Structures are given as C-alpha cells and as structure tokens.
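>>> take this sequence and fold it.
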Amino acid sequence: MDLTPYLESLQADLAAAAAPGGPDTTRAGELLGHALEASARLALLQALSDATAEITTKLHGPVVDVRLRGREADLVVSHAPVEPPPDPPPAPPAAESGDLARLTLRMPEALKAHVEQAAAAEGISVNAWLVRAVAAAASGTSVPPSPQAPRRTGRRITGYAQA
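Predicted coordinates for the structure are as follows:
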C-alpha cells in the first residue's frame with residue numbers, strides 16, 4: 001500500500017487552507033506540509049498497525065500484519081499454526097485402590113542419575129516418575145510427559161507488538 005497519495009492529499013489540503021492568507025501564507029503552508037510528511041507517514045503506519053491488531057483479535061485464527069518495504073506498507077494475512085490438542089491424561093493403573101506398597105528397587109548408579117535428571121526435567125519427584133514409568137510399561141504404552149513438564153514448540157514466534 002503506497003502511502004504517498006494520502007500524504008499528497010494532506011499537503012494539498014494544508015496548502016488550500018493557507019491560500020486565503022495570501023502568497024506568503026500559502027508558501028508557509030506548502031513548506032509546513034513537506035516538513036510534516038515524515039511525521040504524517042509514521043502516524044499513518046501506526047494507524048495501520050493498530051487496525052491490523054484489532055482485526056487480528058476479531059478473526060480468531062488468521063493473523064493480519066503490516067510489513068514495511070521501503071516506504072510502502074503491505075498488509076499480509078497469514079494463518080497461525082494450529083496447536084494440537086493436549087494429549088489425554090494417562091489411564092490410571094487398573095489396580096489403584098488407594099493402598100500403597102513399599103518396594104525396594106536396586107539399579108545401577110548411572111541409571112539412577114538418569115532417572116533423577118528425567119524427573120527433575122519434568123518437575124516431579126523420582127518416585128512419581130518411576131510410578132508413571134512402571135504404570136506405562138505395565139499397560140504397554142510409552143511414558144507420557146508430565147502435565148507440569150514445559151512444552152517446547154520450536155523457535156517460531158507469531159503475533160504483534162505495540163510500542
């Protein structure tokens with residue numbers, strides 16, 4: 001979108017408003033119009049940016065952006081990536097009656113360190129991590145991530161910012 005016609009119209013209106021004051025006032029109006037061009041261009045870009053932000057909030061899906069290319073502003077509509085629905089919570093073990101049993105488990109030191117790191121990465125205790133792993137193994141499924149575990153979605157950031 002070329003903003004030049006809008007700016008030229010603004011300059012012409014300013015010169016026309018100054019015309020009844022005589023040639024000196026008309027010249028001052030023309031000079032003022034040229035001096036205000038950069039400020040008016042920024043104001044128009046801000047208005048476009050605000051409009052696209054408001055439109056984006058109303059669309060519920062597509063994202064409207066203003067992209068500057070030289071002195072021109074382009075309006076671009078893109079679709080935000082759809083996040084997959086969250087994984088269903090793991091099925092509780094079949095024999096969960098509320099009674100707890102104590103079990104002594106012996107494992108190599110290296111494996112213990114690995115389990116501790118995995119549990120810490122998910123923000124849960126070693127016991128909770130082991131119970132989940134054993135329940136998943138008993139049911140024949142893979143170990144689901146903890147609901148508290150942070151999700152990493154990549155490096156792409158979408159949206160808009162306002163100064």
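>>> buried ones in the helix ranked longest in the chain?
Identified as the longest helix of the chain according to DSSP state H is helix 37-59. Using 16 or more other CB atoms under 10 Å as the test for burial, helix 37-59 gives 40-41, 44, 48-49, 52-53, 56. C-beta: built from backbone N, CA, C; applies to glycine.
>>> which of the residues you listed sit farthest apart?
Farthest pair in the buried residues of helix 37-59 (CB to CB) is A40 and T56. Separation: 24.7 Å.
>>> could you export the buried residues of helix 37-59 as CSV, including distance to G29?
Formatted as CSV, the buried residues of helix 37-59 follow (distance: CB to CB, whole Å):
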residue, distance to G29
A40, 14
R41, 18
L44, 20
L48, 26
S49, 29
T52, 32
A53, 34
T56, 38
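>>> next up, phi/psi of D74, please.
Main-chain dihedrals, D74, degrees, to the nearest 10: phi -110, psi 140.
>>> and if you look at R106?
Torsion angles, degrees, to the nearest 10, at R106: phi -110, psi 130.
>>> okay, now it: neighbour count?
5 (other CB atoms under 10 Å).
>>> just the pLDDT at it, thanks.
Looking at R106, its pLDDT is 88.
>>> quick one: residues contacting it.
Contacts for R106 (CB atoms under 8 Å, 6 or more residues apart in numbering) come out as none.
>>> distance-wise, check it relative to W129.
Separation of R106 from W129 (CB to CB, to the nearest Å) stands at 17 Å.
>>> repeat that for A16.
From A16 to W129 the distance is 76 Å (CB to CB).
>>> against G29, how distant is the residue of the chain positioned farthest from its centre?
Note on the chain: the largest C-alpha distance from the chain mean falls to G22, namely 54.3 Å (CA atoms, centre = their mean). Noted for G22: a distance of 11 Å to G29, by CB to CB.
>>> same question for R106.
Taking CB to CB, one finds R106 at 91 Å from G29.
>>> before we move on, what about H60?
As for H60, its distance to G29 is 46 Å (criterion: CB to CB).
>>> same check, this time on A121
For A121, the distance to G29 - CB to CB - is 67 Å.
>>> the more surrounded of these two?
Ranked by neighbour count (other CB under 10 Å), A121 and G29 place G29 first, with 19 against 13.
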